[in-house]
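>>> structure of the sequence below:
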Amino acid sequence: MNHIVFDQKRKMDIIPVGRVAIDFNPIDMNKPLEESTTFKKYLGGSPANIAVGMARLGKKVGFIGKVSDDQFGRFVTQYFQKEGIDISNIAIAKNGESLGLTFTEIASPTDSSILMYRNAVADLALSPEDINEEYIKNAKSIVISGTALAASPSREAALLALEYAKKNGTIVIFDIDYRSYTWKSKAELVVYSSAVARLSDIILGSREEFDLMESLLRSEVSTDQEIAQRWFAQGNQIIVIKHGKEGSTAYTADGQKYVIKPFPIKLLKSFGGGDAYASAFLYGLMEGWDIIDCLEFGSGSASMLVSSHSCSEAMPTVDEIKNFISKEKQEYGEMIARV
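Residues are numbered from 1 along each chain as shown. The predicted structure follows:
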């Protein structure tokens, strides 16, 4: 059943809006960041990772964002071009803003953390003047990242992109993507995240992110089902609530519920899976698959990413995900990830 109808006449499949950054992952892993001495550079940032993930899966991908006018800015735009991602709507910062830098700590396969440098970053300098209505009008969908809402003028730019999408019938996907260091207060998070969520078609987030988004609006503890029902009442069609290693659940506006678990794999790190999950899940939706098949595809892609050193660089192709799932099922049984 098609819960979301994408306009097949449009040239572009998907346009993430927001953060592109640089990740530095330690080569000498399984030790505190203070002791790591060698790092490998990757393109990073949740919306940018989703863009790369969708491109690897064969979709036509654009991007709306702002990058630094230096070697790192050129690194990420050249990386996008190499992946076939359209960069015509990526602006260049003019006031000395830098790309955000993320140093990751892989203390053990199950214990990872990040250290981010985000003062005067280029992605939060994205302005409403950088938003092109025709670009959004020609896309089937846009992805708005929650971090784009954390500060002005990026906040207003993201809200304008949302308005253009609603005006032109472009599907809106909201990835809550909460990063505590980007927000000044919980009140701002609640106001702007819930405003975008109310106008979205699909919301993706962890249970913790949904709780934060509603934290000042209600005091009682809700079930996942109750959370989903509140956002369906606002017009959303699909709500995906993630529970980390416990798996995730997709709720659809027709009252159905679909549950998936991670595939058993040998972990290398405990971050990066969410962006692979999002891109593969959205790919399945665009292909018209059943929701449970979309979830399984997303779970397979996420499992592959957390067993890899990078996020963007390791984004798999369609055949690679299908082969991975097939091998897992041969080893553990057909229902290994399905509940």
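
>>> so which helix or strand takes in residue 210?
Applying DSSP states H and E as the criterion places residue 210 in helix 207-213.

>>> please save the CA atoms from the helix or strand just after that helix in CSV.
As assigned by DSSP H and E, the chain's next helix or strand after helix 207-213 is helix 224-232. Taking C-alpha atoms only, helix 224-232 is exported to CSV below (Å, rounded to 0.1, in the frame of the first residue of the first chain):
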residue,chain,number,x,y,z
ASP,A,224,4.8,5.3,21.1
GLN,A,225,1.3,4.7,19.7
GLU,A,226,0.0,7.8,21.5
ILE,A,227,2.9,9.9,20.2
ALA,A,228,2.2,8.8,16.7
GLN,A,229,-1.5,9.5,17.0
ARG,A,230,-0.9,13.1,18.1
TRP,A,231,1.2,13.7,14.9
PHE,A,232,-1.3,11.9,12.7
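
>>> what helices or strands is helix 224-232 leaning on?
Helix 224-232 sits against strand 238-242, strand 248-252, with contacts defined as 3 or more CB pairs under 8 Å, 6 or more residues apart in numbering; DSSP states H and E. C-beta here means a position set from N, CA and C on the backbone, and glycine is covered the same way.

>>> contacts for the first one?
Contacting residues not belonging to strand 238-242 are listed as 3-4, 201-207, 210, 224, 227-228, 231-232, 248-253, 274, 277, 281, 285, 291 [CB atoms under 8 Å, 6 or more residues apart in numbering].

>>> likewise for stretch 25-43?
Contacts of stretch 25-43 from elsewhere in the structure, counted by CB under 8 Å, 6+ apart, are 20-24, 49, 52, 75-76, 79-80, 103-109, 113, 115, 268-269, 309-313.

>>> list the buried residues for that stretch?
Going by neighbour count (16 or more other CB atoms under 10 Å), the buried part of stretch 25-43 is 25, 26, 29, 36, 42, 43.

>>> lowest-confidence entry in the residues you listed?
Among these, residue 29 carries the weakest pLDDT, at 89.

>>> A strand includes that residue, no?
No - applying DSSP: H, G, I helix; E, B strand; the rest coil, one finds residue 29 to be coil, outside a strand.
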